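>>> Build me a structure from this.
(2 chains)
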Amino acid sequence: MHENKWEMVIGLEVHVQLATQSKIFSGAPVKFGEPPNSQACAVDLGLPGVLPVLNEEAVKMAILFGLAIGAKINTHSIFDRKNYFYPDLPKGYQISQFEYPIVGTGSLTIDLENGDSKTIGITRAHLEEDAGKSIHDAYPGMTAIDLNRTGTPLLEIVSDPDLRSPEEASAYFRKLASLVSYLKICDGDMSQGSMRCDANVSIRESGSNKLGQRTEIKNVNSFRFIEKAISYEVNRQITIVESGHLIKQETLLYDSEIDETRPMRSKEYSNDYRYFPDPDLLPLKLSEELINSIKNKLPELPEFRQERFIQEYGLTIYDASWLVEDPELADFFEATTESSNNAKLTANWVMGELIAALNREELKVSESRISPEELAELILRITDGTLSSKLAKTAFEKMWEEEKPVDDIIEIYGLEQVSDDDEIKAIIKEVLESNPKQVEQFRQGKEKVLGFFVGKIMQATNGKANPQQVNTLLRILIK
Amino acid sequence: MDPFIEINAIRKGLADGEYSSAEITKFYLDRAKKLNSQLNSFISFCEEQAIEQAKNADNKIAEGSSGPITGIPLAHKDIFCTKGITTTCGSRMLENFVAPYDATVVERLNKAGAVTIGKANMDEFAMGSSNENSYFGNTSNPWDTDRVPGGSSGGSAAAVAAGMIPIATGTDTGGSIRQPAAFCGISGLKPTYGRVSRYGMIAFASSLDQAGVLGRSVADICLLLSQFGGPDVLDSTSHPIPDNWLSSNPKLNPTKPEAKITIGLPREYFDQTPNLKSVEIAMRVFENAGCILKEVSLPSTESAIPAYYIIAGAEASTNLSRYDGVRFGYRCQDPESLSDLYQRSRNEGFGKEVKRRILTGTYALSVGYYDAYYLKAQKIRRLIQQDFLEVFNKVDLILCPTSPGVAFKKGALSENPVEMYKQDIFTIPSSLAGLPAMSIPCGFQNNLPIGMQLIAPHFAERKLIEWGHYFQSLTDWHKKVPELS
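Okay, the predicted model is just below:
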């Protein structure tokens, strides 16, 4: 079998668009969804005579990231020109960092499916500018160019080749996404290309220390697709090697529609970028004071928060890690728990109904139609017995639709649980009397028919009878 | 009116109401247009704007709110972007390019009330030492129209020398202000790298390019530079600390600036110059003024030209990548494909010398050659800087010729690029070191002007200006004017 004979060696290069107000080298705004070429100034257009001026915010964000992964912040780094011709690259070069990046080696710990965790080395992270977009399908026979994205600050984070499966790669990519949201340095909107990933993939015989020839899959922007792209690529490589051929070093594109990788046209990339220090920008020198002042601004990082959730709220590792991934969701959980006083139940509701509702409408946590306080009210109505857990789900749906507090919903729809013993007894008696045959079956030892009666009773009360009481009283009355 | 008048005299005339700015602007425009058919110093004139600027200046003068250069006509080298006026950089590539912004130099001079009458001719993208590389035809030297004016700021130099304009901006990457100033018998200052903003100045070699002035006298140069030098947030390489002396628009005193200075004479420069009589006379002037002359050595001089052409070429090769026919500038007819668009637009839009430098620069940065060429050139550059730093521990200024000879005949070197490159042997080392340097007229040879060069330590423009001005108060080489028919 493939899996045992071959080992995968995967490294990721993740491009994170930094959430600055303006471009990395100009004062033009960084905004998405604006009319084409409306967010590009003379500097972004690369007009003759213009010069880049480094955005301090972008530098601070890069430092914050470096500190969060325990990396060395290089107090001396250099901006280089990466030269290639392409119509959406106005200057004919991209300003990037090559030999001396701002962030040196660090690491990131990921949680694996089997509950273990694994530390992935990060080789470096550097600042660079994004290119514009070429749009090939807007006008027949022509390519349109939108330079709005030109000059958007990017932090390129390069991992060591430490990843050993598509799942690990995806978990790493996810963890990075979580981290940059915690640091508030990226809006994390994958559909807008806020995070894009290149994967370097090679295979080698298990146990070997030698690296195989690698291929690079370019520009994948979803957790799911990176997993699928790597799986496809690894299988492709195994097939090639097992049929006695050699892997060719090449750059590939992943086509998610047909789930396969294909080589990029050679025109789309070039081998010799002729990197050299950009003479328009001085070496970037950072003071220890600046680095320390940014260190003080580091927020609680996901792994610490996860540990706190386990200790403080008694959550399982699974629930805690699930909740902390998105800082906004974790905030929502904490705010709800503060009022609901029931962390476990709150976790279930946040991870269950709330996420389902958000996903259904593709909303962010901040756009939730139910606030943490409102959700806490709902949970309190469960714990005080007003709502059965089944009716609570109905109440949630109604709260979501109508954006009204839980008590109004309970009143409008009469969802209050029937917990009065006498009232329930009367109904049970009625049901038992109308179904003598089933009563007889129970008395002959057929326990199963209890379920039949519970169903009938709930039906008769429109589902409002307190199920525990129904169970207890039924067992008494049926005998 | 005397077209060869200095700015301070024009200021007085304007202040005394002898003439208005509109009148002298018209005077220079008419004269420049008339002489341009003979000299081709200007690529374009902007008459309407000039008259408007002059009228605004006259209003300011009338209101009593004028500054030191309000109403003074000038020309910009066509490398500075001017909002609404074509900026060609001497290239077919930018024949119709109109920038939507002013270069910082232009903006500051406009704000100070200067009047721009036109854009001066130049070697294409400032690459050349003779103005023969201009797409808009070469410029003639007013002292002998069969000869070149030098380059690349040849249009600015010829215009000032011919009295078409009192003063002009220029840029200097490896000698492009100083050498044409010497060839045309005027004064030209290249400030310290970082003293003047490069924003809006079309880049040739970013780590070397520096804006400066070509004028009739050191005093004129000082006056203009005081209006546009200093820090600029739009240029990360501009020096953040202003020169307070310069920006105070200093009154230059014709008496000796300091009691005693030592002037260094670099052995390696003098060894290579056969005819040094004029520079020797200049040396005596300084000596008589009490300066100590001292032979010094700049041992890395020999490597300066190759290092320069590698560094400047490397930077130019990528600075000029943006001229691809996609967004602005020249585009070839009916491109068949993307690569056809690139290849033909660049092949047809750029001239021979520009292509030569892009090719050599690209080569020097390529994988496998980077270390041997680009990195090595950078090492040489540091050695050259070191040479100067050591010499400036011993002397206050360096004095040497500006160029190996007088203005040469048109066509004499145009087929021999290496000989052409050697024209800059005395100006390139100080460019590589980022030092301020100035060429001042110091004599004639066969009726052609000769320039001497003064080089100062970083940001010591004051020394250059004060001693240059003192020299001009003792001599009258800078007052000689060519006879034009």
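>>> which secondary structure elements does the host helix or strand of A:Glu374 contact?
A:Glu374 belongs to helix A:372-383 when assigned by DSSP states H and E. When contacts are defined as 3 or more Cβ pairs under 8 Å, 6 or more residues apart in numbering or on different chains; DSSP states H and E, helix A:372-383 sits against helix A:327-340, helix A:343-349, helix A:389-402, helix A:406-413. Every residue, glycine included, has its C-beta placed from N, CA and C.
>>> so how far is the shortest one off the chain centroid?
If you compare the mean C-alpha spot of helix A:343-349 with that of the full chain, they lie 21 Å apart, counting by Cα atoms, centre = their mean, to the nearest Å.
>>> Buried residues of it, list them for me.
A:Ala343, A:Leu345, A:Thr346, A:Ala347, A:Trp349 (16 or more other Cβ atoms under 10 Å in any protein chain shown).
>>> same question, stretch B:207-218
Neighbour-count burial for stretch B:207-218 flags B:Ser207, B:Leu208, B:Asp209, B:Gln210, B:Ala211, B:Gly212, B:Val213, B:Leu214, B:Gly215, B:Arg216, B:Ser217, B:Val218 (criterion: 16+ other Cβ under 10 Å).
>>> Narrow the residues you listed to those in strands?
For the buried residues of stretch B:207-218, membership in strands holds for B:Gln210, B:Ala211, B:Gly212, B:Val213, B:Leu214, B:Gly215, with DSSP state E as the criterion.
>>> Dump these into CSV; add distance to chain A and pLDDT as well.
Shown next, in CSV, are those (distance: Cβ to the nearest Cβ, whole Å; pLDDT from 0 to 100):
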residue, distance to chain A, pLDDT
B:Gln210, 12, 98
B:Ala211, 11, 98
B:Gly212, 16, 98
B:Val213, 19, 98
B:Leu214, 20, 98
B:Gly215, 23, 98
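>>> Let me know the pLDDT of B:Ser44.
Taken from the predicted model, the pLDDT recorded for B:Ser44 is 98.
>>> phi, psi of it?
According to degrees, to the nearest 10, the main-chain angles of B:Ser44 amount to phi -150, psi 160.
>>> Is it bridged to anything, and to what?
In this entry, B:Ser44 is beta-bridged to B:Lys119, by DSSP bridges.
>>> contacting residues around it?
B:Asp78, B:Ile85, B:Thr86, B:Thr88, B:Gly118, B:Lys119 (Cβ atoms under 8 Å, 6 or more residues apart in numbering or on different chains).
>>> just the buried residues of helix A:343-349 that are near chain B?
Filtering the buried residues of helix A:343-349 for proximity to chain B (criterion: Cβ under 8 Å from any Cβ of the partner chain) leaves nothing.
>>> In the stretch 251-400 of chain B, what residue comes closest to chain A?
Nearest to chain A in the stretch 251-400 of chain B, going by Cβ to the nearest Cβ, is B:Ser321, at a distance of 2.4 Å.
>>> dump the residue contacts of that residue.
A:Asn83, A:Phe85, A:Lys91, A:Gly92, A:Tyr93.
>>> go on, B:Glu107?
Remark: with contacts taken as Cβ under 8 Å, 6+ apart, B:Glu107 is in contact with B:Gly200.
>>> ok, so what distance separates it from chain A?
In this structure, B:Glu107 and chain A are separated by 12 Å, where distance is defined by Cβ to the nearest Cβ, to the nearest Å.
>>> cool, and B:Ala161?
To chain A, B:Ala161 is 27 Å away according to Cβ to the nearest Cβ.
>>> looking at it, that residue is touching B:Ile186, isn't it?
Yes. Between B:Ala161 and B:Ile186 a contact is recorded at 5.2 Å, counting by Cβ atoms under 8 Å.
>>> Who has more neighbours out of these two?
Just comparing B:Ala161 and B:Ile186: by other Cβ atoms under 10 Å in any protein chain shown the higher neighbour count belongs to B:Ile186, 32 against 29.
>>> Go ahead and confirm that one touches B:Asp220.
No. Under the criterion of Cβ under 8 Å, B:Ile186 is not in contact with B:Asp220, lying 9.5 Å apart.
>>> residues from the stretch 251-400 of chain B in reach of chain A?
Contact residues (Cβ under 8 Å from any Cβ) of the stretch 251-400 of chain B with chain A: B:314-315, B:317-318, B:321-322, B:324, B:326-328, B:338-339, B:342, B:362, B:365-367, B:370, B:374.
>>> Right, I'll leave it there.
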